[in-house]
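Undergrad: Sequence first, then the predicted structure:
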Amino acid sequence: MIDAHAHIGYYGSFFNVGIEADELVGLMTESGIEKTVICALDNDMVRTAHRLYPDRLIPIVWVNPMDGSEAVEQVRRYVDDGFFGIKIHPLMHSFAADDRAVDPVAEAAAKLGVPLFVHSGHPPFSLPWSIARLARRHPQVSTVMVHMGHGHAVYIQAAIEAASELSNVYLETSGMPMHTKIREAYRMAPRRVMFGTDVPFHHPSVEIQRVRVSGLSQAQLSDVFEGNAARLLGL
């Protein structure tokens, strides 16, 4: 299995959760996960973790587009150093996903040939419609809608519809509570639905089970658990 979305580091305030790289790798081994896409607010921490576990951890760089040219420079620097993609979090950094300030980061993703992971599911900043507008403006960028709408049925449906309409939109399953929607998403976009855990915010056992009971065939489960992420990331 490839986990398409997890974190390392500590997340305070109302989250109050955290995990170190070695703990994550241990959890991966327990859960049968071969590789995990990781990010953190501290990108140097992610780089160090990747160097310790280069065969297990897949780094992506987390930036705040509101930092302007500094965000673009971070993207270039870390991708040149072997990072596989870019993460932005509209809710955490208080910007709308389709804000024009995001365009330079998306343009950098296009030039560097890496996917853009976007947190979804929380108004007013990370709504699926906003992410879809961003993806429509940048059709050459593989845009991963992290959590595929998250915990709201209306947002989940909007995420699925975005993926059905836009061939550059990918859906990642972590934290999305409706197992049947994974099957529905696969029918709409079979090569663009990816398993994720969102560790340390969710446990792999819960996220794995939701995918397993979604009603997909073994071949389809193989796509969601591994094949689609491997193709996206060039693994």
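TA: Everything's here; your move. Numbers count the residues shown, from 1 in each chain.

Undergrad: E207 - nearest residue in space that isn't next to it in sequence?
TA: Counting by Cβ to Cβ, 6 or more residues apart in numbering, E207 lies nearest to T197, which is 4.6 Å off, once chain neighbours are set aside. All C-beta atoms are positioned from the backbone trio N, CA, C, and that covers glycine.

Undergrad: pretty sure A109 is in a strand, no?
TA: No. Read with DSSP: H, G, I helix; E, B strand; the rest coil, A109 is helix and lies in no strand.

Undergrad: Surely it and V141 touch.
TA: Yes. Between A109 and V141 a contact is recorded at 4.9 Å, counting by Cβ atoms under 8 Å.

Undergrad: got any residues that touch both of these two?
TA: Here A109 and V141 have 115-116 as joint contacts, going by Cβ atoms under 8 Å, 6 or more residues apart in numbering.

Undergrad: ok, now how distant is H203 from G151?
TA: To G151, H203 is 16 Å away according to Cβ to Cβ, to the nearest Å.

Undergrad: need the helices for the protein, in chain order.
TA: 21-31, 43-52, 69-80, 90-93, 103-112, 128-137, 153-165, 179-188, 204-212, 218-222, 228-233 (DSSP state H).

Undergrad: Look up how far G26 lies from L134.
TA: 36 Å.

Undergrad: Looking at the two, which one has more neighbours?
TA: L134 (25 against 12; other Cβ atoms under 10 Å).

Undergrad: list the contacts for that one?
TA: 97-98, 102, 106, 118, 143.

Undergrad: Looking at those, which are in strands?
TA: 118, 143 (DSSP state E).

Undergrad: before we move on, the earlier item: including distance to A4 and mean pLDDT, could the helices of the chain go into TSV?
TA: Output for the helices of the chain, formatted as TSV (distance: least, Cβ to Cβ, whole Å; pLDDT from 0 to 100):
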stretch	distance to A4	mean pLDDT
helix 21-31	13	98
helix 43-52	15	98
helix 69-80	18	98
helix 90-93	19	96
helix 103-112	16	98
helix 128-137	16	98
helix 153-165	14	98
helix 179-188	13	98
helix 204-212	11	98
helix 218-222	14	98
helix 228-233	5	98
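
Undergrad: Distance to V37 added to the ones you listed, as a markdown table?
TA: Output for these, formatted as a markdown table (distance: least, Cβ to Cβ, whole Å):
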| stretch | distance to V37 |
| --- | --- |
| helix 21-31 | 11 |
| helix 43-52 | 10 |
| helix 69-80 | 14 |
| helix 90-93 | 18 |
| helix 103-112 | 15 |
| helix 128-137 | 18 |
| helix 153-165 | 18 |
| helix 179-188 | 18 |
| helix 204-212 | 13 |
| helix 218-222 | 18 |
| helix 228-233 | 7 |
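
Undergrad: gap between the closest residue to A97 other than its chain neighbours and A110?
TA: Distances taken as Cβ to Cβ, 6+ apart put S130 closest to A97, at 4.0 Å, once the chain neighbours are dropped. S130 sits 19 Å away from A110, going by Cβ to Cβ.

Undergrad: Can you pick out the residue with more neighbours from these two?
TA: Using other Cβ under 10 Å, the more surrounded residue of S130 and A110 is S130, with 21 against 15.

Undergrad: pretty sure the more buried one contacts P90?
TA: Yes. If you go by Cβ under 8 Å, S130 and P90 touch, sitting 7.5 Å apart.
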